[in-house]
Structures are given as C-alpha cells and as structure tokens.
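Participant: Okay, structure incoming, though there's no sequence with it:
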C-alpha cells in the first residue's frame with residue numbers, strides 16, 4: 001500500500017465530534033480515519049479533551065482489529081467460552097458453532113487496513129509502526145440512511161431500500177453486555193418499568209432473573225439501537241432484523257459475531273485486571289460476508305476494576321464512563337437541561353441538540369461545563385497505561401498495579417471535592 005503522509009491529507013470530508021475522515025487521492029475504496037483528543041458523552045458532541053487520547057485510541061483500534069483478523073485470537077476466545085463456568089451448555093454449544101468455526105480457520109473480516117507512521121506516512125499493515133499515530137486506514141462502505149415519513153404526529157423511518165443494496169453499513173449498533181452497570185441505558189430503562197413490563201423486558205433481553213446494578217450475567221446478551229436516526233433508539237430483536245436490510249440467517253450470524261468479538265475484547269482486558277461489562281459493534285454487509293467496521297476503543301466499551309477505599313469497595317471505570325459520572329455528579333443542572341431538551345425533541349421530532357443550544361443561548365438552560373484539570377490528568381494516566389499495554393511497552397502486571405493507583409486517585413478526587421457520597425451512589429457496591 002502507498003505511503004500517505006498525514007500532513008498531505010488535506011481537509012477532511014467529515015469532521016465529527018471525536019473523529020475526522022479523509023479521502024485518499026486516487027483510491028476511493030479506502031479512507032483515513034483520525035481520532036482526536038476530544039471526547040463526547042450524552043450525544044451532545046465534543047465536551048472535553050484528554051491529551052494523548054487520540055493516539056491511544058487509534059493504537060487500540062489498530063491492535064484489536066489486527067487481532068480480529070488472526071485465527072489464533074479466535075482460538076483464545078473459544079477457549080474462554082469453553083471454560084466459562086456460568087454458561088449453560090445449550091447456549092455454549094450454539095455460540096461455538098457457525099461464525100466462530102469460520103473465524104478459527106481464517107480470522108474475521110474487518111474494514112481495517114493499517115496505521116500510518118506519524119513521521120513517514122508509511123502504512124503499517126501488520127505489527128506497529130515505529131511512530132504510532134492517530135491515523136488508521138480503513139475500507140469504505142456505503143452509508144445509507146432511512147427516509148423519513150410521518151403518520152399524523154408520529155415520526156417514521158423507512159428502511160425498505162436496504163435489502164436491495166450491498167456494501168453498506170448495517171444501520172444498527174450491536175450492544176453486547178456481559179453484565180449490568182449502574183449507568184447502563186437498559187438498567188435505567190428497566191428501573192422505570194412496572195413489574196409486568198420488567199418481566200417482558202427480561203424476556204426480550206434474554207436474561208433469567210431481575211436486573212441488578214453491577215451484576216454479571218449468566219451469559220452475554222445483545223440488544224440493538226438505531227444508527228442513522230436523529231436519536232439512538234432501542235429496538236427489539238424483531239425490529240432490528242427488519243431494519244438491518246440483511247437476510248434473517250445473516251442477521252443471526254451478525255449477532256453471534258458481536259458476542260464473539262466481545263469475548264476477544266474481554267480476554268484482552270482481563271490481562272490488565274479489567275472486567276468488561278459491555279461494548280458496541282457495527283457491521284457492514286459485503287455480499288454473503290459480514291465485516292467488523294467503525295470504531296472499537298476505550299470510547300466503545302465499559303471496563304472496570306474494583307478499588308478499596310475507606311473501607312468500601314468501589315467500581316472504577318476505565319473509559320469515558322468516568323467522564324459521564326463526573327458530569328452527572330458535579331453538573332446536575334446541565335444534566336437536567338439535557339434531559340429536558342431530549343423530552344422536548346422527542347415531541348417535536350428534531351435533534352435535541354438544537355433545543356439545548358437554543359435554551360443555552362436564551363439563558364434557560366445551564367451552560368456546557370468545563371472539566372477540572374486535576375480530573376483530566378487522572379484520565380490521561382489511565383489512557384496512557386492502556387496504550388503502553390497495547391503497544392507492548394509495559395507488562396500486564398505493571399499496568400494492572402498502576403491502573404489500581406489511578407483508580408484510587410480518582411476516588412480521592414471526589415472525596416476532596418465533597419462528592420464522595422454522590423460517587424458512591426453510582427459506583428459503590430457494598
């Protein structure tokens with residue numbers, strides 16, 4: 001593959017809250033993705049910056065997508081599934097058949113093509129470049145969006161074009177859950193339900209008992225949200241099949257692949273003492289094949305460790321859930337503004353960010369808050385440590401111990417700021 005110097009990329013054809021996309025002159029089958037320092041939570045766009053987060057996230061993607069293409073990675077996943085003590089045998093047997101058998105022979109297909117060397121622009125397809133960068137090369141797929149319609153006051157989305165197309169990103173996010181966290185969307189939704197609704201929801205999710213915060217599940221489950229509608233919307237498995245635009249058997253395979261990919265990430269993170277709770281995937285349809293696409297990094301999953309502090313056990317997050325928690329704990333007026341804007345947007349059928357921005361300009365909504373420097377420094381430490389592990393520069397035990405110390409510093413931050421009680425409501429498990 002050609003050399004692509006980062007400083008010769010020109011202007012991005014897409015510039016999002018946490019990522020930029022660049023065309024490759026003379027080759028429209030691939031594109032360059034650039035991760036940024038910025039982070040986004042609550043779907044409001046870029047809110048904060050974590051120095052070094054751009055390269056760290058790009059490195060994670062490069063290493064993990066490379067691993068997904070290697071049969072030996074799937075052998076490790078198969079061994080982890082076979083030895084999982086809590087899993088019922090019928091589920092285990094089904095998970096070990098089908099797509100996993102193909103991955104054991106030839107690896108999984110992904111859109112990843114390599115990482116640019118930050119100094120030379122050389123495309124490193126295997127291993128790591130001498131100078132890791134924030135730039136990865138990926139294959140391009142069509143982005144098709146549903147057309148919009150109305151039935152009186154109801155807002156509808158028409159996905160009927162998708163089954164007639166190929167080479168497109170499936171319009172769903174696949175959320176794989178190994179456990180339930182206090183901040184997960186399904187748990188918050190579940191808490192608002194009556195007893196009858198809860199039973200139906202448990203059946204839809206595929207769990208055998210009531211949901212509890214910080215509960216590991218007997219087996220991983222998958223739920224789905226819309227991808228290309230104005231707001232992410234949780235949909236049933238039946239609706240997800242219809243929306244996907246792919247045949248039923250291929251949809252079932254995609255859901256299995258999502259869970260299997262989750263085991264790959266889980267195995268990787270367990271090496272540094274982190275427990276994976278959930279993550280999200282996206283897939284593209286390429287004929288009869290399914291391709292892992294989009295992003296997978298610390299913004300895409302929830303991983304935690306347990307920290308002992310002042311006689312209590314706390315859950316510590318090692319992804320952007322830490323930032324979500326900070327805003328929920330220290331910026332309650334701004335969170336209330338977001339919640340109100342989302343309710344109004346659902347009635348009006350417009351993006352909630354438009355309503356939020358208008359309210360902030362009018363002074364009726366709280367302004368977007370800043371993040372304290374000392375809290376950001378802790379996030380830099382965590383990000384850097386995971387990057388060093390992925391690069392092979394630090395051993396698993398060294399990183400595990402250092403991540404524990406960073407977790408202790410984060411809890412001490414809340415204690416010093418007078419927010420320990422609020423933090424405990426979200427993350428204390430005893």
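Facilitator: Thanks, I have it. From a predicted model like this one, the values you see are computed outputs, not experimental measurements. Numbering: from 1, shown residues only.

Participant: Pull up the gap between the residue lying closest to residue 306 once chain neighbours are set aside and residue 404, please.
Facilitator: Using CB to CB, 6 or more residues apart in numbering and skipping the chain neighbours, the partner closest in space to residue 306 is residue 313 (5.6 Å). Glycine gets a C-beta too; all of them are placed from N, C-alpha and C. Using CB to CB, to the nearest Å, we find residue 313 at a distance of 13 Å from residue 404.

Participant: Residue 31 too?
Facilitator: In terms of CB to CB, residue 31 sits 39 Å off from residue 404.

Participant: what's the answer for residue 341, then?
Facilitator: Residue 341 is 38 Å from residue 404, by CB to CB.

Participant: Look at the two and report which has more neighbours.
Facilitator: Using other CB atoms under 10 Å as the criterion, residue 341 and residue 404 rank with residue 341 on top: 22 against 16.

Participant: What are the contacting residues of whatever helix or strand the more buried one lives in?
Facilitator: Under the criterion of DSSP states H and E, residue 341 resides in helix 332-348. Here helix 332-348 makes contact (CB atoms under 8 Å, 6 or more residues apart in numbering) with 42, 44, 230-231, 327-328, 351-356, 359-360, 365-369.

Participant: go on, stretch 250-265?
Facilitator: Contacts with stretch 250-265, where a contact means CB under 8 Å, 6+ apart, come from 64, 67-68, 73-74, 76-77, 80-81, 94-95, 98-100, 103, 108, 170, 174, 176, 178, 220, 222, 237, 240-241, 244, 246, 276, 279, 281, 283, 285, 288, 290, 292, 296, 301.

Participant: Mind doing that once more with 7 Å?
Facilitator: Contact partners of stretch 250-265, identified using CB atoms under 7 Å, 6 or more residues apart in numbering, comprise 64, 67-68, 73, 77, 80-81, 95, 98-100, 103, 108, 170, 174, 176, 178, 220, 222, 241, 244, 276, 279, 281, 283, 290, 292, 301.

Participant: swap in stretch 111-128?
Facilitator: When contacts are defined by CB under 7 Å, 6+ apart, stretch 111-128 is touched by residues 1, 3-6, 30, 58, 62, 65-66, 129-133, 135-139, 141, 284, 291-293, 391.

Participant: PyMOL command to pick out the buried ones of the residues you listed?
Facilitator: Listed next is the PyMOL selection for buried residues among these, using 16 or more other CB atoms under 10 Å:
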select buried, resi 4+6+30+58+62+65+66+129+132+133+135+136+137+138+139+141+284+291+292+293+391
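
Participant: Helices - which of the contacts of stretch 111-128 land there?
Facilitator: Mapping the contacts of stretch 111-128 onto helices (DSSP state H) picks out 58, 62, 65-66, 391.

Participant: Mind putting those residues into CSV with distance to residue 269 and pLDDT?
Facilitator: Shown next, in CSV, are the ones in helices among the contacts of stretch 111-128 (distance: CB to CB, whole Å; pLDDT from 0 to 100):
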residue, distance to residue 269, pLDDT
58, 18, 95
62, 16, 96
65, 16, 96
66, 16, 96
391, 15, 90
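
Participant: farthest-separated two in those residues?
Facilitator: The most widely separated members of those, counting by CB to CB, are 65 and 391 (15.1 Å).

Participant: What separation is there between the nearest residue to residue 298 once chain neighbours are set aside and residue 265?
Facilitator: In this structure, residue 298 finds its nearest non-sequential neighbour in residue 319, 4.4 Å apart by CB to CB, 6+ apart. Going from residue 319 to residue 265 by CB to CB gives 11 Å.

Participant: Spit out the residues that contact those two alike.
Facilitator: Counting by CB under 7 Å, 6+ apart, the common neighbours of residue 319 and residue 265 are residue 301.

Participant: follow-up on the earlier one: for the helix or strand in which the residue nearest to residue 306 is found, list every residue counted as buried.
Facilitator: Per DSSP H and E: residue 313 is located in strand 312-317. For strand 312-317, burial by neighbour count (16+ other CB under 10 Å) applies to 314-317.

Participant: The helix or strand following it packs against which elements?
Facilitator: Beyond strand 312-317 on the C-terminal side, the first helix or strand identified by DSSP H and E is helix 321-330. The contact analysis (3 or more CB pairs under 7 Å, 6 or more residues apart in numbering; DSSP states H and E) places helix 321-330 against helix 332-348, helix 420-427.

Participant: Save those as TSV, and put in mean pLDDT too.
Facilitator: TSV is the format used below for these (pLDDT from 0 to 100):
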stretch	mean pLDDT
helix 332-348	92
helix 420-427	92
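
Participant: Which among these is found nearest to residue 212?
Facilitator: Ranking the helices and strands packed on helix 321-330 by proximity to residue 212 (CB to CB) places helix 420-427 first, at 14.2 Å.

Participant: packing partners for that closest one?
Facilitator: Helices and strands touching helix 420-427, by 3+ CB pairs under 7 Å, 6+ apart, are helix 321-330, helix 396-416.

Participant: gap between the nearest residue to residue 308 once chain neighbours are set aside and residue 39?
Facilitator: Leaving aside its chain neighbours, residue 308 sits nearest to residue 314 (7.8 Å; criterion: CB to CB, 6+ apart). Distance, residue 314 to residue 39, using CB to CB: 22 Å.

Participant: Show me the helices in the chain, by range?
Facilitator: For the chain, the helices defined by DSSP H occupy 53-68, 71-83, 89-95, 99-106, 185-191, 195-205, 237-244, 248-270, 321-330, 332-348, 352-362, 373-391, 396-416, 420-427.

Participant: among those, which is nearest residue 154?
Facilitator: That would be, of those and by CB to CB, helix 332-348, which comes in at 11.3 Å.

Participant: report the angle between the axes of the closest one and helix 352-362?
Facilitator: Angle, helix 332-348 to helix 352-362, by axes from the mean of the first three to the mean of the last three CA atoms, to 10 degrees: 130 degrees.

Participant: re the thing from before, give the full set of residues in contact with the residue nearest to residue 306.
Facilitator: By CB under 7 Å, 6+ apart, the neighbours of residue 313 are 306, 429-430.

Participant: Tell me the confidence at it?
Facilitator: For residue 313, the pLDDT comes out at 95.

Participant: Show the end-to-end separation of stretch 40-59, please.
Facilitator: Stretch 40-59 has an end-to-end distance of 19 Å (CA to CA, to the nearest Å).

Participant: For that stretch, buried residues please.
Facilitator: Buried residues in stretch 40-59, counted by 16+ other CB under 10 Å: 40-42, 44, 47-50, 52-59.

Participant: Return the distance of that stretch from the chain's centre.
Facilitator: Centroid separation for stretch 40-59 versus its chain: 12 Å, with CA atoms, centre = their mean, to the nearest Å.
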